[in-house]
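Chemist: Mind looking at a prediction? Sequence and model below.
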Amino acid sequence: MKKNIAIIMGGYSNEYKISLASGNVVYETLDTNKYQAYRIHIFKDKWVYVDNENIEFPIDKNDFSIHIDGLKITFDCVFNAIHGSPGEDGYMQGYFELLNIPHTSCNMYQAGVTFNKRDLLSILKPYGIKTAESYHLNLGESYNEDTIIGKVGLPCFVKANKAGSSFGVSKVHEKEKLKQAIDVAFQEDNEIIIESFLDGIEVSVGVITYKGKSKVLPITEIVSENDFFDYEAKYLGKSLEITPARLTKEQEVKVTHVAKKIYEVLKMKGFSRSEFIFKEGEPHLLEMNTVPGLTRESILPQQAAAANISLTDLFDNAIEEALK
């Protein structure tokens with residue numbers, strides 16, 4: 001008998017369009033002999049199942065079920081394709097864990113920690129994970145530009161602390177532009193992180209649970225046409241993504257070891273994609289994504305393909321792991 005799979009997509013953040021694209025790829029790719037897939041749109045004003053005629057059926061949030069023609073449908077597993085809140089920050093994970101519905105992403109605590117860049121970096125520091133110098137600001141706090149620059153230097157990056165897809169990120173080359181960058185970041189989040197610029201090779205490392213074990217996928221090198229790997233570079237073709245990355249054997253071994261260590265220290269499961277920059281030969285962690293893009297052009301699917309894992313196998317494995 002086929003398993004009912006709810007593919008949740010959309011979300012409450014600026015990433016909702018990317019999430020819809022990811023979710024639809026999952027919907028089109030899942031093995032129809034094994035699964036009956038349902039596209040579930042999660043938005044602030046509605047949670048709905050959307051059928052192939054784009055007719056919407058409301059979700060009963062009491063047990064995450066739908067009613068179609070008098071028939072109640074419940075789900076064996078949820079495939080999480082929501083980038084950003086509430087799919088990547090722990091809210092949906094907590095909801096499904098309370099309802100005892102298996103889901104493909106990490107647990108609630110891991111989602112909350114990894115979505116908060118400064119908390120993630122703080123937790124990993126005692127394990128010897130190298131990161132950029134950083135300065136933290138909360139909305140409403142006073143700050144001194146000279147103090148910030150004294151700690152992180154110039155150029156520096158100003159980022160929303162809890163946002164993905166490079167929303168609210170600026171690269172600042174001169175002191176006069178710092179306040180504007182801080183204001184931009186605060187439009188995305190009430191917490192920001194200001195980091196020193198690391199000048200080196202940037203790589204993205206996918207780590208997943210595959211057939212019961214942590215697996216590091218082939219590494220992707222990011223070469224941006226823009227000043228950094230911003231939204232345009234990520235989604236509008238303004239970057240070169242090279243898989244496998246052009247690393248020395250020593251660099252490859254180091255970043256593979258660190259990425260796997262982070263995944264296992266955090267007791268992760270499901271998909272993850274961590275971003276690193278090499279400084280003086282050592283990989284420095286920038287951030288970790290726990291619901292990375294899943295379109296055919298996205299980095300994690302590219303890495304899976306390089307490991308001879310098809311999209312169908314990648315998604316099937318995620319569901320099988322969740323159902324264990």
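Modeler: In hand now; what should we look at?

Chemist: okay, CA-based contacts and neighbour counts for the rest of this
Modeler: Will do.

Chemist: and residue 94, what element?
Modeler: Using DSSP states H and E, residue 94 falls within helix 91-99.

Chemist: by contact count, what packs against that helix?
Modeler: helix 108-115 (3 or more Cα pairs under 8 Å, 6 or more residues apart in numbering; DSSP states H and E).

Chemist: Counting by contacts, list what whatever helix or strand comes next after the helix it packs on packs against.
Modeler: Remark: after helix 108-115, the chain's next helix or strand is helix 117-124, criterion DSSP H and E. Judged by 3+ Cα pairs under 8 Å, 6+ apart, helix 117-124 is in contact with helix 108-115, strand 282-289.

Chemist: Buried residues of the first one, list them for me.
Modeler: So that's helix 108-115. 108-115 (16 or more other Cα atoms under 10 Å).

Chemist: Pick out whichever of these sits closest to residue 15.
Modeler: Comparing those against residue 15 with Cα to Cα places residue 115 closest, at 13.7 Å.

Chemist: which residues sit in contact with that closest one?
Modeler: 84, 88-89, 162-163, 288-289 (Cα atoms under 8 Å, 6 or more residues apart in numbering).

Chemist: mind running it again at 6 Å?
Modeler: Listed by Cα atoms under 6 Å, 6 or more residues apart in numbering, the contact set of residue 115 reads 89, 162.

Chemist: Likewise for residue 251?
Modeler: Residue 251 touches nothing, counting by Cα under 6 Å, 6+ apart.

Chemist: could I have the helix or strand hosting it exported to CSV, CA atoms only?
Modeler: Assigned by DSSP H and E, residue 251 falls within helix 249-265. What follows is helix 249-265, C-alpha atoms only, in CSV (Å, rounded to 0.1, in the frame of the first residue of the first chain):
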residue,chain,number,x,y,z
LYS,A,249,43.7,16.5,-1.5
GLU,A,250,44.7,18.0,1.9
GLN,A,251,42.0,20.7,1.6
GLU,A,252,39.4,18.1,0.6
VAL,A,253,40.3,15.8,3.5
LYS,A,254,40.2,18.7,6.0
VAL,A,255,36.8,20.1,5.0
THR,A,256,35.2,16.7,4.7
HIS,A,257,36.3,15.8,8.2
VAL,A,258,35.1,19.1,9.6
ALA,A,259,31.7,19.0,7.9
LYS,A,260,31.1,15.4,9.1
LYS,A,261,32.2,16.3,12.6
ILE,A,262,29.8,19.3,12.7
TYR,A,263,26.9,17.0,11.5
GLU,A,264,27.6,14.4,14.1
VAL,A,265,28.4,16.8,17.0
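
Chemist: No further questions, thank you.
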